[in-house]
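A.B. asks: I would like to see how this sequence folds:
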Amino acid sequence: MLQDADRADWPLWLAAHGVPDDPRAERGTAFEDDYLLIRAAVAGQGLALVPQEYACDEIAAGRLVQVLDKPWPARFAYYLVTLPDAMQRPEVQAFAEWIREEVQQALA
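C.D. replies: I've put the predicted structure just below:
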């Protein structure tokens, strides 16, 4: 199993799908960057858990295939934060709206 640097993705995915905790889930080569993780998978070095968006070009080109059809639980949430008064500024409002639109498009 190819790993992200913190080696948390496989244990998280396995736990979310009812697989008992197993220290073997943290074995395998680890990469600091998802791009390198994907390159290792393309090179045939193992199975990688990455967000589908990161691998879509490789999947479309036939260099990778999605072999797991179960969702990958998100560990992280992203928040747009600013100073309270900043939301009154038109450029901040425009940026926040753009972020919302991008998220909606990604979810569609």
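A.B. asks: Can you dump the C-alpha atoms of the least confident helix or strand in the chain by mean pLDDT in CSV for me?
C.D. replies: Sorted by mean pLDDT, DSSP states H and E, the helices and strands of the chain end with helix 9-16, the least confident at a mean of 84. C-alpha atoms of helix 9-16 as CSV (Å, rounded to 0.1, in the frame of the first residue of the first chain):
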residue,chain,number,x,y,z
ASP,A,9,-5.2,7.4,5.0
TRP,A,10,-5.3,3.6,4.9
PRO,A,11,-6.2,3.1,8.5
LEU,A,12,-8.9,5.8,8.2
TRP,A,13,-10.4,4.2,5.1
LEU,A,14,-10.3,0.7,6.5
ALA,A,15,-11.9,1.8,9.8
ALA,A,16,-14.6,3.7,7.9
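A.B. asks: So Leu47 versus Arg89, what's the distance?
C.D. replies: 46 Å (CB to CB, to the nearest Å). Where you see a C-beta, it was placed from the backbone N, CA and C, and this is true even at glycine.
A.B. asks: go on, Val67?
C.D. replies: In this view, Val67 and Arg89 are 46 Å apart by CB to CB.
A.B. asks: ok, the two, which is more surrounded?
C.D. replies: Neighbour count, other CB atoms under 10 Å: between Val67 and Arg89, Arg89 has more, with 12 against 6.
A.B. asks: Let me see the contact set for that one.
C.D. replies: The contact partners of Arg89, by CB atoms under 8 Å, 6 or more residues apart in numbering, come to none.
A.B. asks: Pull up the per-residue confidence for it.
C.D. replies: If you check Arg89, the pLDDT there is 92.
A.B. asks: What of Val103?
C.D. replies: 79.
A.B. asks: number of nearby residues for it?
C.D. replies: So Val103, with other CB under 10 Å, has 12 neighbours.
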